[in-house]
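K.L.:
fold the following, please.
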Amino acid sequence: MSKVIKTGICSFGMSGQIFHAPFIHVNPNFEFTAVVERSKHLAAEKYPGVKVYASVDDMVLDPSLDLIVVNTPNYTHYDYAKTALEAGKHVIVEKPFTVHNQEAQELIELAASKGLLLSVYHNRRFDSDYKVVKKVVESGVLGDVLEFEVHYDRFKEELSYKKHKESSLPGTGALYDLGSHLIDQALTIFGMPRKLWADIRIIRKDSLVDDYFELVLYYDFLRVRLKSSYLVREALPAYQAHGRIGSFIKSKSDIQEAQLQRGLMPDSPDWGAEAPHEWGLLHTTIDGKTVKEFVPGGSGNYMDYYNGIYEAIANGAPNPVTPQDGANVVKIIEAAFESSNSGKVVPVI
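P.N.:
The predicted structure follows:
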(Lines give C-alpha, C1' and ligand atoms only; values in the text may rest on other atoms or scores of the structure.)
Protein backbone atom coordinates (compact mmCIF):
# COMPACT_ATOMS: atom_id res chain seq x y z
CA MET A 1 0.00 0.00 0.00
CA SER A 2 1.15 3.55 -0.71
CA LYS A 3 2.30 5.69 2.18
CA VAL A 4 -0.57 8.07 1.54
CA ILE A 5 -3.93 6.30 1.63
CA LYS A 6 -5.60 6.94 -1.70
CA THR A 7 -9.32 7.16 -1.11
CA GLY A 8 -12.44 6.93 -3.24
CA ILE A 9 -15.82 8.27 -2.12
CA CYS A 10 -18.94 6.53 -3.48
CA SER A 11 -21.19 9.60 -3.49
CA PHE A 12 -20.76 13.38 -3.38
CA GLY A 13 -24.01 14.43 -1.78
CA MET A 14 -24.09 16.01 1.68
CA SER A 15 -22.23 13.14 3.31
CA GLY A 16 -19.39 13.24 0.79
CA GLN A 17 -19.17 17.02 0.64
CA ILE A 18 -19.50 17.71 4.36
CA PHE A 19 -18.41 14.70 6.41
CA HIS A 20 -15.72 12.98 4.34
CA ALA A 21 -14.01 14.96 1.58
CA PRO A 22 -12.84 17.87 3.81
CA PHE A 23 -11.20 15.54 6.33
CA ILE A 24 -9.55 13.40 3.66
CA HIS A 25 -8.38 16.51 1.80
CA VAL A 26 -6.62 18.28 4.69
CA ASN A 27 -5.14 15.14 6.27
CA PRO A 28 -1.62 14.60 4.86
CA ASN A 29 -1.97 10.85 5.35
CA PHE A 30 -4.84 10.65 2.85
CA GLU A 31 -5.48 11.65 -0.74
CA PHE A 32 -8.95 12.32 -2.13
CA THR A 33 -8.29 10.37 -5.31
CA ALA A 34 -11.64 9.39 -6.81
CA VAL A 35 -15.38 9.95 -6.53
CA VAL A 36 -18.60 8.68 -8.08
CA GLU A 37 -20.73 11.41 -9.68
CA ARG A 38 -23.13 10.37 -12.42
CA SER A 39 -24.14 13.83 -13.71
CA LYS A 40 -22.69 16.71 -11.73
CA HIS A 41 -18.98 17.37 -11.35
CA LEU A 42 -18.99 19.21 -8.05
CA ALA A 43 -16.04 17.30 -6.58
CA ALA A 44 -13.72 18.10 -9.48
CA GLU A 45 -14.62 21.79 -9.24
CA LYS A 46 -13.66 21.94 -5.56
CA TYR A 47 -10.88 19.35 -5.61
CA PRO A 48 -9.07 19.62 -8.98
CA GLY A 49 -7.42 16.39 -10.04
CA VAL A 50 -9.93 14.04 -8.43
CA LYS A 51 -10.93 11.23 -10.79
CA VAL A 52 -14.66 11.01 -11.50
CA TYR A 53 -16.32 7.65 -12.11
CA ALA A 54 -19.86 6.97 -13.31
CA SER A 55 -20.43 4.00 -10.98
CA VAL A 56 -19.17 2.40 -7.78
CA ASP A 57 -18.40 -0.79 -9.70
CA ASP A 58 -16.04 1.16 -11.97
CA MET A 59 -14.36 3.07 -9.16
CA VAL A 60 -13.52 0.05 -7.00
CA LEU A 61 -11.58 -1.44 -9.92
CA ASP A 62 -9.14 1.50 -9.84
CA PRO A 63 -5.88 -0.22 -8.82
CA SER A 64 -4.50 2.96 -7.23
CA LEU A 65 -7.19 3.10 -4.53
CA ASP A 66 -6.52 1.78 -1.04
CA LEU A 67 -9.72 2.83 0.73
CA ILE A 68 -13.37 3.15 -0.31
CA VAL A 69 -15.94 5.25 1.59
CA VAL A 70 -19.43 3.79 1.15
CA ASN A 71 -21.72 6.76 1.80
CA THR A 72 -24.63 5.88 -0.50
CA PRO A 73 -28.30 5.33 0.56
CA ASN A 74 -28.61 2.94 3.50
CA TYR A 75 -30.13 0.04 1.55
CA THR A 76 -27.04 -0.05 -0.74
CA HIS A 77 -24.42 -0.23 2.04
CA TYR A 78 -24.20 -4.02 2.10
CA ASP A 79 -23.84 -4.46 -1.66
CA TYR A 80 -21.31 -1.68 -2.19
CA ALA A 81 -19.22 -2.59 0.85
CA LYS A 82 -19.14 -6.20 -0.31
CA THR A 83 -18.09 -5.11 -3.82
CA ALA A 84 -15.27 -2.96 -2.43
CA LEU A 85 -14.01 -5.68 -0.08
CA GLU A 86 -14.06 -8.26 -2.85
CA ALA A 87 -11.95 -5.84 -4.91
CA GLY A 88 -9.34 -5.85 -2.12
CA LYS A 89 -10.04 -2.39 -0.71
CA HIS A 90 -10.23 -1.24 2.88
CA VAL A 91 -13.75 0.10 3.56
CA ILE A 92 -15.45 2.77 5.64
CA VAL A 93 -19.25 2.45 5.68
CA GLU A 94 -21.46 5.37 6.68
CA LYS A 95 -23.87 4.73 9.52
CA PRO A 96 -26.05 2.73 9.72
CA PHE A 97 -23.63 -0.05 8.83
CA THR A 98 -26.27 -2.18 7.08
CA VAL A 99 -30.04 -2.61 7.18
CA HIS A 100 -29.88 -6.07 8.79
CA ASN A 101 -27.50 -7.57 11.33
CA GLN A 102 -27.07 -10.70 9.19
CA GLU A 103 -25.65 -8.52 6.39
CA ALA A 104 -23.27 -6.88 8.86
CA GLN A 105 -21.95 -10.23 10.05
CA GLU A 106 -21.34 -11.37 6.46
CA LEU A 107 -19.27 -8.24 5.78
CA ILE A 108 -17.32 -8.70 9.01
CA GLU A 109 -16.40 -12.25 7.99
CA LEU A 110 -15.48 -11.18 4.46
CA ALA A 111 -13.17 -8.39 5.64
CA ALA A 112 -11.50 -10.69 8.16
CA SER A 113 -10.94 -13.40 5.51
CA LYS A 114 -9.18 -10.88 3.29
CA GLY A 115 -7.21 -9.10 6.02
CA LEU A 116 -8.87 -5.78 5.21
CA LEU A 117 -9.96 -2.95 7.49
CA LEU A 118 -13.71 -2.49 7.73
CA SER A 119 -15.00 0.41 9.81
CA VAL A 120 -18.28 2.27 10.37
CA TYR A 121 -18.43 6.07 10.34
CA HIS A 122 -20.06 6.76 13.69
CA ASN A 123 -18.71 10.30 13.72
CA ARG A 124 -20.94 11.51 16.56
CA ARG A 125 -18.60 9.79 19.00
CA PHE A 126 -16.34 12.75 18.26
CA ASP A 127 -18.89 15.52 18.99
CA SER A 128 -17.87 17.99 21.70
CA ASP A 129 -21.12 17.52 23.62
CA TYR A 130 -20.97 13.73 23.69
CA LYS A 131 -17.28 13.67 24.58
CA VAL A 132 -17.82 15.73 27.74
CA VAL A 133 -20.93 13.72 28.70
CA LYS A 134 -18.99 10.48 28.36
CA LYS A 135 -16.10 11.89 30.37
CA VAL A 136 -18.37 13.03 33.21
CA VAL A 137 -20.32 9.76 33.36
CA GLU A 138 -17.18 7.62 33.33
CA SER A 139 -15.40 9.80 35.92
CA GLY A 140 -17.73 8.56 38.66
CA VAL A 141 -18.74 12.02 39.92
CA LEU A 142 -22.43 11.11 39.50
CA GLY A 143 -22.10 7.84 41.39
CA ASP A 144 -23.83 4.81 39.91
CA VAL A 145 -25.73 6.10 36.88
CA LEU A 146 -29.40 5.13 37.12
CA GLU A 147 -30.92 7.13 34.26
CA PHE A 148 -29.40 8.33 30.99
CA GLU A 149 -31.50 10.13 28.40
CA VAL A 150 -30.54 11.43 24.96
CA HIS A 151 -32.67 13.53 22.60
CA TYR A 152 -32.05 14.37 18.95
CA ASP A 153 -35.05 16.48 18.00
CA ARG A 154 -35.96 18.66 15.03
CA PHE A 155 -38.84 20.90 14.03
CA LYS A 156 -39.60 20.20 10.40
CA GLU A 157 -43.03 19.22 9.12
CA GLU A 158 -42.04 19.37 5.44
CA LEU A 159 -40.43 16.37 3.81
CA SER A 160 -36.79 16.30 2.77
CA TYR A 161 -35.93 17.02 -0.86
CA LYS A 162 -33.75 13.91 -0.68
CA LYS A 163 -36.27 11.41 -2.01
CA HIS A 164 -34.30 8.36 -0.87
CA LYS A 165 -34.71 9.56 2.73
CA GLU A 166 -38.49 9.90 2.45
CA SER A 167 -39.27 6.79 0.40
CA SER A 168 -40.51 3.61 2.02
CA LEU A 169 -37.31 1.68 1.41
CA PRO A 170 -35.28 -0.64 3.65
CA GLY A 171 -33.21 1.35 6.13
CA THR A 172 -35.06 4.66 5.83
CA GLY A 173 -36.60 6.67 8.65
CA ALA A 174 -35.50 8.48 11.78
CA LEU A 175 -34.44 5.40 13.74
CA TYR A 176 -31.93 4.29 11.10
CA ASP A 177 -30.85 7.89 10.45
CA LEU A 178 -30.69 9.76 13.77
CA GLY A 179 -31.21 6.74 15.98
CA SER A 180 -27.94 5.20 14.80
CA HIS A 181 -26.10 8.10 16.44
CA LEU A 182 -27.93 7.86 19.76
CA ILE A 183 -27.69 4.09 19.98
CA ASP A 184 -23.96 4.08 19.23
CA GLN A 185 -23.33 6.75 21.86
CA ALA A 186 -25.25 4.78 24.48
CA LEU A 187 -23.56 1.48 23.64
CA THR A 188 -20.11 3.09 23.66
CA ILE A 189 -20.60 4.14 27.30
CA PHE A 190 -22.75 1.33 28.70
CA GLY A 191 -22.42 -1.67 26.36
CA MET A 192 -25.29 -3.82 25.09
CA PRO A 193 -28.52 -3.84 27.12
CA ARG A 194 -30.30 -7.01 28.22
CA LYS A 195 -33.62 -6.02 26.63
CA LEU A 196 -35.47 -3.04 25.21
CA TRP A 197 -38.83 -1.45 24.57
CA ALA A 198 -39.60 0.86 21.65
CA ASP A 199 -42.32 3.08 20.22
CA ILE A 200 -41.69 4.02 16.57
CA ARG A 201 -44.23 6.20 14.75
CA ILE A 202 -44.97 8.41 11.75
CA ILE A 203 -46.19 11.85 12.90
CA ARG A 204 -45.70 14.23 9.94
CA LYS A 205 -48.77 14.58 7.73
CA ASP A 206 -47.42 13.19 4.46
CA SER A 207 -44.51 11.12 5.71
CA LEU A 208 -43.96 7.54 4.56
CA VAL A 209 -41.11 6.87 7.01
CA ASP A 210 -40.84 6.89 10.78
CA ASP A 211 -40.08 10.36 12.16
CA TYR A 212 -40.58 9.71 15.87
CA PHE A 213 -39.09 7.11 18.16
CA GLU A 214 -38.56 6.38 21.81
CA LEU A 215 -36.37 3.51 23.01
CA VAL A 216 -35.82 2.30 26.54
CA LEU A 217 -32.72 0.15 26.99
CA TYR A 218 -32.76 -2.07 30.08
CA TYR A 219 -29.58 -2.74 32.05
CA ASP A 220 -29.38 -4.17 35.57
CA PHE A 221 -30.09 -0.91 37.45
CA LEU A 222 -29.71 1.58 34.62
CA ARG A 223 -32.37 2.71 32.16
CA VAL A 224 -31.29 4.48 28.97
CA ARG A 225 -33.92 6.45 27.03
CA LEU A 226 -33.26 7.49 23.44
CA LYS A 227 -35.77 9.82 21.81
CA SER A 228 -36.23 11.75 18.58
CA SER A 229 -39.08 13.66 17.02
CA TYR A 230 -39.27 15.84 13.92
CA LEU A 231 -41.96 18.00 15.57
CA VAL A 232 -40.29 19.47 18.64
CA ARG A 233 -40.28 23.26 18.51
CA GLU A 234 -38.78 23.84 21.96
CA ALA A 235 -36.19 21.15 22.57
CA LEU A 236 -35.25 19.64 25.92
CA PRO A 237 -31.58 19.23 26.85
CA ALA A 238 -29.90 16.71 24.56
CA TYR A 239 -28.28 14.78 27.41
CA GLN A 240 -29.47 14.04 30.94
CA ALA A 241 -27.51 11.74 33.23
CA HIS A 242 -28.73 11.05 36.76
CA GLY A 243 -26.75 9.04 39.29
CA ARG A 244 -26.96 8.19 42.98
CA ILE A 245 -25.15 11.37 44.01
CA GLY A 246 -25.50 13.78 41.12
CA SER A 247 -26.82 14.88 37.75
CA PHE A 248 -25.31 16.25 34.54
CA ILE A 249 -27.43 18.16 32.01
CA LYS A 250 -26.06 19.11 28.59
CA SER A 251 -27.31 20.76 25.40
CA LYS A 252 -26.63 19.49 21.88
CA SER A 253 -23.90 21.91 20.95
CA ASP A 254 -21.29 20.47 18.59
CA ILE A 255 -20.59 23.04 15.88
CA GLN A 256 -18.62 20.97 13.34
CA GLU A 257 -21.51 20.35 10.95
CA ALA A 258 -22.39 24.06 10.93
CA GLN A 259 -18.74 24.96 10.31
CA LEU A 260 -18.52 22.49 7.43
CA GLN A 261 -21.73 23.80 5.88
CA ARG A 262 -20.23 27.31 5.96
CA GLY A 263 -17.31 25.98 3.92
CA LEU A 264 -14.70 25.88 6.69
CA MET A 265 -12.06 23.18 6.56
CA PRO A 266 -11.16 20.99 9.57
CA ASP A 267 -7.76 22.67 9.89
CA SER A 268 -9.39 26.05 10.60
CA PRO A 269 -8.56 27.86 13.87
CA ASP A 270 -10.77 26.94 16.84
CA TRP A 271 -12.19 23.96 14.95
CA GLY A 272 -15.10 22.38 16.83
CA ALA A 273 -14.64 24.62 19.90
CA GLU A 274 -17.74 24.77 22.08
CA ALA A 275 -19.05 28.15 23.25
CA PRO A 276 -19.15 28.70 27.05
CA HIS A 277 -22.92 29.25 27.06
CA GLU A 278 -23.30 25.62 25.89
CA TRP A 279 -21.34 24.09 28.76
CA GLY A 280 -23.13 21.36 30.71
CA LEU A 281 -24.38 21.72 34.29
CA LEU A 282 -22.94 19.36 36.91
CA HIS A 283 -24.75 19.13 40.27
CA THR A 284 -23.24 16.57 42.62
CA THR A 285 -21.30 15.96 45.82
CA ILE A 286 -17.50 15.80 45.76
CA ASP A 287 -15.47 15.16 48.96
CA GLY A 288 -18.54 15.84 51.08
CA LYS A 289 -19.26 19.21 49.48
CA THR A 290 -22.12 20.11 47.16
CA VAL A 291 -20.87 21.14 43.73
CA LYS A 292 -23.03 22.96 41.20
CA GLU A 293 -20.96 24.22 38.28
CA PHE A 294 -20.68 24.36 34.51
CA VAL A 295 -18.21 21.95 32.93
CA PRO A 296 -16.13 23.26 29.97
CA GLY A 297 -17.13 21.52 26.77
CA GLY A 298 -13.83 21.38 24.92
CA SER A 299 -13.76 20.68 21.19
CA GLY A 300 -15.13 18.04 18.87
CA ASN A 301 -13.13 16.76 15.94
CA TYR A 302 -14.16 14.17 13.37
CA MET A 303 -10.55 14.14 12.22
CA ASP A 304 -9.85 11.92 15.23
CA TYR A 305 -11.78 9.21 13.38
CA TYR A 306 -9.71 9.55 10.21
CA ASN A 307 -6.47 9.69 12.19
CA GLY A 308 -7.55 6.45 13.81
CA ILE A 309 -8.27 4.91 10.41
CA TYR A 310 -4.80 5.81 9.19
CA GLU A 311 -3.12 4.31 12.27
CA ALA A 312 -5.22 1.14 11.95
CA ILE A 313 -4.33 0.64 8.28
CA ALA A 314 -0.72 1.79 8.35
CA ASN A 315 0.40 0.63 11.78
CA GLY A 316 -2.07 -2.00 12.95
CA ALA A 317 -3.58 0.20 15.67
CA PRO A 318 -7.11 -0.53 16.94
CA ASN A 319 -9.97 0.26 14.59
CA PRO A 320 -11.61 3.53 15.80
CA VAL A 321 -15.09 2.07 15.19
CA THR A 322 -15.15 -1.67 14.69
CA PRO A 323 -17.65 -3.28 12.33
CA GLN A 324 -19.06 -5.20 15.30
CA ASP A 325 -19.81 -1.83 16.93
CA GLY A 326 -21.79 -0.95 13.81
CA ALA A 327 -23.49 -4.35 13.79
CA ASN A 328 -24.56 -3.91 17.43
CA VAL A 329 -26.34 -0.68 16.48
CA VAL A 330 -28.22 -2.49 13.71
CA LYS A 331 -29.11 -5.29 16.13
CA ILE A 332 -30.67 -2.73 18.48
CA ILE A 333 -32.61 -1.13 15.60
CA GLU A 334 -34.02 -4.49 14.48
CA ALA A 335 -35.03 -5.32 18.06
CA ALA A 336 -36.65 -1.89 18.39
CA PHE A 337 -38.88 -2.49 15.36
CA GLU A 338 -39.81 -5.90 16.76
CA SER A 339 -40.75 -4.29 20.07
CA SER A 340 -42.72 -1.46 18.49
CA ASN A 341 -44.65 -3.83 16.23
CA SER A 342 -45.46 -6.26 19.04
CA GLY A 343 -45.93 -3.77 21.86
CA LYS A 344 -43.64 -5.89 24.04
CA VAL A 345 -40.25 -5.66 25.73
CA VAL A 346 -37.89 -7.86 23.71
CA PRO A 347 -34.56 -9.49 24.63
CA VAL A 348 -31.35 -8.22 23.05
CA ILE A 349 -28.67 -10.50 24.52
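K.L.:
low pLDDT regions in the chain?
P.N.:
1-2 (pLDDT under 70).
K.L.:
give me the domain ranges for it.
P.N.:
Domain segmentation of the chain under automatic domain parsing yields 5-121, 124-303+331-347.
K.L.:
and those domains as a markdown table, adding mean neighbour count and distance to Ala312?
P.N.:
Where C-beta positions appear, they are placed from N, C-alpha and C, glycine not excepted. Supplementary listing: the domains of the chain in a markdown table, determined by neighbours: other C-beta atoms under 10 Å; distance: least, C-beta to C-beta, whole Å:
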| stretch | mean neighbour count | distance to Ala312 |
| --- | --- | --- |
| domain 5-121 | 19 | 6 |
| domain 124-303+331-347 | 17 | 15 |
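K.L.:
wait, which of those is closest to Pro323?
P.N.:
domain 5-121 (4.6 Å; C-beta to C-beta).
K.L.:
and the end-to-end length of the closest one?
P.N.:
In terms of C-alpha to C-alpha, to the nearest Å, the two terminal residues of domain 5-121 are separated by 17 Å.
K.L.:
tell me how far that domain is from the chain's mean position?
P.N.:
From the chain centre to the centre of domain 5-121 is a distance of 16 Å (C-alpha atoms, centre = their mean, to the nearest Å).
K.L.:
again, but for stretch 313-333
P.N.:
11 Å.
K.L.:
roughly how far apart are Asp129 and Gly246?
P.N.:
Note on Asp129: its distance to Gly246, by C-beta to C-beta, to the nearest Å, is 18 Å.
K.L.:
no no, Val132
P.N.:
Separation of Val132 from Gly246 (C-beta to C-beta): 15 Å.
K.L.:
do a quick rundown of the strands in the stretch 201-349 of the chain.
P.N.:
Ranges of strands in the stretch 201-349 of the chain, per DSSP state E, counting those that start in this stretch, are 212-218, 223-229, 239-243, 247-250, 280-286, 289-295, 346-347.
K.L.:
Gln261 is nearest to which of the ones you listed?
P.N.:
strand 223-229 (20.6 Å).
K.L.:
what sits up against that closest one?
P.N.:
146-154, 174-175, 178-179, 182-183, 186, 190, 193, 203, 211-217 (C-beta atoms under 8 Å, 6 or more residues apart in numbering).
K.L.:
if we go to 7 Å?
P.N.:
For strand 223-229, contacts defined as C-beta atoms under 7 Å, 6 or more residues apart in numbering pick out 147-153, 174, 178-179, 182-183, 186, 190, 193, 203, 212-217.
K.L.:
now the helices for this structure?
P.N.:
Along the chain, counting by DSSP state H, helices occupy 14, 21-26, 42-46, 56-59, 77-86, 101-114, 128-139, 163-166, 174-190, 256-261, 303-315, 323-342.
K.L.:
what packs against the longest one?
P.N.:
Contact partners of helix 323-342 among helices and strands, from 3 or more C-beta pairs under 7 Å, 6 or more residues apart in numbering; DSSP states H and E: helix 101-114, strand 118-121, helix 174-190, strand 195-201, strand 346-347.
K.L.:
go with 10 Å
P.N.:
Contact partners of helix 323-342 among helices and strands, from 3 or more C-beta pairs under 10 Å, 6 or more residues apart in numbering; DSSP states H and E: helix 77-86, strand 90-94, helix 101-114, strand 118-121, helix 174-190, strand 195-201, strand 212-218, strand 346-347.
K.L.:
could the ones you listed be laid out in a markdown table, adding distance to Gly140?
P.N.:
Shown next, in a markdown table, are the helices and strands packed on helix 323-342 (distance: least, C-beta to C-beta, whole Å):
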| stretch | distance to Gly140 |
| --- | --- |
| helix 77-86 | 38 |
| strand 90-94 | 34 |
| helix 101-114 | 33 |
| strand 118-121 | 29 |
| helix 174-190 | 13 |
| strand 195-201 | 26 |
| strand 212-218 | 21 |
| strand 346-347 | 30 |
